[in-house]
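In: Okay, predicted coordinates and the sequence, questions at the end:
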Amino acid sequence: MNEALLNAQATVLAGQAIGAGLAMIAGIGPGIGEGYAVGKAIETIGRQPEIKGTATSTMFIGCAVAETTGIYGLFVAIMLLFANPFLKFLTGTN
Amino acid sequence: MGFEVNVEGPRRMFSILSESGEVVFSISESVVTGWLVILIVLAACLILTKNLKKVPETKRQCAAEYIVKTVNNMVEVNMDKSSMAYAPYIAAVFAYIIVGTLISMIGFRSITADISVTGGLALMTFVLITYTKVKFNGVGGYFKQFINPLNIIGEVATPVAMALRLFGNVAGGMIITLILYLALGSASGALYNLIGIPPIESLNGYVFNIFQIGIPAVLSIYFDLFSGAIQSYVFIMLTMAYIKMGKE
């Protein structure tokens, strides 16, 4: 393996690591959103304790849907870290 | 100290190779574990429903009736009375996902940590949603919504999001547990160096890491038990919600 290819691979790996880190910034949004949803659900339960069951299950559904964008970010990060999708452009094969 | 993070997809249990040595067809670990999950669910069903009486006498029958009643009630609340035909499907998908996720508790790899499995489940839901939409709006009514091309994205994003949500949660938990194991392993190595004792090796050559005992179980309660149960619940709730939306 010549030195130029090795350098290019190192650059690609570094870029993947940085990209994975940047992708996880997507975790901010769901964190804020879910916190807000849970806070509102607790407010509701405090006001009307009799609908605790319904409020809790609706809150979990809402949290799961809100989490979707964060999961997209996690998926991209996992792909970048463990599947090495860009290395194959250098050598032609994987 | 060279610790290697080695996250792999499901192992290939069986492969058919072509003459040049390329993999033509392979059966992954998820398929094998998936059949085990099906057998577990089947055995549970057979045991629970053995010689039923009109008036329940055994605890077994009470448990079976409780499960059926809970699922029926959930379908009735979240969909409506005319959709009770979906209840067995919902219960089956729930049983498959929750047993398949929690099977990691006894040492197997969670089948839902494989995107092929969650993709298949999401595809089944997508077929059901499309069927319901076509049934209630007609073929013309179904395709009329695509006059606005943005709706195509929305239509495709539904199963993709469902598959990725389940996969991302379970696989993410798995990777975090793995990284925790590595961290605790290196912490144990540092402790051995500090005290100055040589690491204790077992017969197979594995190093006995003191911190790896018990501590991962605490995180496992959240990432395996709680997260897995919540995500299977969310999956069936979303299935019901989307099918109900398709009826309008």
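Out: Ah, there it is.
In: use CA for all of it now, contacts and neighbours both
Out: Fine.
In: Where does the prediction get shaky in the chain?
Out: I'll assume chain A. The model of chain A has pLDDT under 70 over residues A:1, A:91-94.
In: Correction: the question concerned chain B.
Out: Ranges of chain B meeting pLDDT under 70: B:1-9, B:199-206.
In: Repeat the analysis, applying 50 as the threshold.
Out: Within chain B, the ranges that satisfy pLDDT under 50 run B:1-2.
In: Near chain A, which residues of it? Just list them.
Out: B:7-8, B:161, B:164-165, B:168-169, B:172, B:230-231, B:234, B:237-238 (C-alpha under 8 Å from any C-alpha of the partner chain).
In: Buried ones among these?
Out: B:161, B:164, B:165, B:168, B:169, B:172, B:230, B:231, B:234, B:237, B:238 (16 or more other C-alpha atoms under 10 Å in any protein chain shown).
In: CA atoms of the helix or strand hosting residue B:100 as CSV?
Out: In the assignment (DSSP states H and E), residue B:100 maps to helix B:87-102. Output of helix B:87-102 as CSV, limited to C-alpha atoms (Å, rounded to 0.1, in the frame of the first residue of the first chain):
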residue,chain,number,x,y,z
ALA,B,87,-56.4,-7.6,17.2
PRO,B,88,-54.7,-11.0,16.5
TYR,B,89,-52.2,-9.4,14.2
ILE,B,90,-51.4,-6.7,16.7
ALA,B,91,-50.9,-9.2,19.5
ALA,B,92,-48.8,-11.4,17.2
VAL,B,93,-46.5,-8.5,16.2
PHE,B,94,-46.2,-7.4,19.8
ALA,B,95,-45.3,-10.9,21.0
TYR,B,96,-42.7,-11.3,18.2
ILE,B,97,-41.1,-7.9,18.8
ILE,B,98,-41.0,-8.1,22.6
VAL,B,99,-39.7,-11.7,22.8
GLY,B,100,-37.2,-10.9,20.0
THR,B,101,-35.9,-7.9,21.8
LEU,B,102,-35.8,-9.4,25.3
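In: Can you point out the buried residues in the next helix or strand along the chain from it?
Out: On the C-terminal side of helix B:87-102, the nearest following helix or strand under DSSP H and E is helix B:115-144. Residues of helix B:115-144 classed as buried by neighbour count (16+ other C-alpha under 10 Å): B:115, B:117-119, B:121-123, B:125-126, B:128-134, B:137, B:142.
In: Likewise for stretch B:52-69?
Out: Under the neighbour-count criterion of 16+ other C-alpha under 10 Å, stretch B:52-69 has B:61, B:64 buried.
In: Work out the gap between that stretch and the centre of the chain.
Out: Counting by C-alpha atoms, centre = their mean, to the nearest Å, stretch B:52-69 is centred 27 Å from the centre of its parent chain.
In: ranges for the strands of chain B?
Out: B:12-17, B:23-28 (DSSP state E).
In: quick revisit: so which elements touch the helix holding residue B:100?
Out: On a contact count with 3 or more C-alpha pairs under 8 Å, 6 or more residues apart in numbering or on different chains; DSSP states H and E, helix B:87-102 meets helix B:29-48, helix B:59-78, helix B:227-246.
In: With distance to residue A:78 as extra columns, can I get those in TSV?
Out: Putting the helices and strands packed on helix B:87-102 into TSV (distance: least, C-alpha to C-alpha, whole Å) gives the following:
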stretch	distance to residue A:78
helix B:29-48	19
helix B:59-78	34
helix B:227-246	18
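In: which of the ones you listed sits most buried?
Out: Comparing those by mean neighbour count (mean count of other C-alpha atoms under 10 Å in any protein chain shown), helix B:227-246 comes out on top with a mean of 20.
In: which residues are contacting that one?
Out: Applying C-alpha atoms under 8 Å, 6 or more residues apart in numbering or on different chains, the contact partners of helix B:227-246 are A:60-61, A:64, B:75, B:78-79, B:90, B:93-94, B:97-98, B:101-102, B:125, B:128-130, B:132-133, B:136, B:162, B:166, B:169-170.
In: The same query, at a cut-off of 7 Å, please.
Out: For helix B:227-246, the external contacting residues (C-alpha atoms under 7 Å, 6 or more residues apart in numbering or on different chains) are A:61, A:64, B:78-79, B:90, B:94, B:97-98, B:101-102, B:125, B:129, B:132-133, B:166, B:170.
In: Can you say which two of those residues are spatially most distant?
Out: Spatial extent of the contacts of helix B:227-246 (C-alpha to C-alpha) is set by the pair B:102 and B:133 at 33.3 Å.
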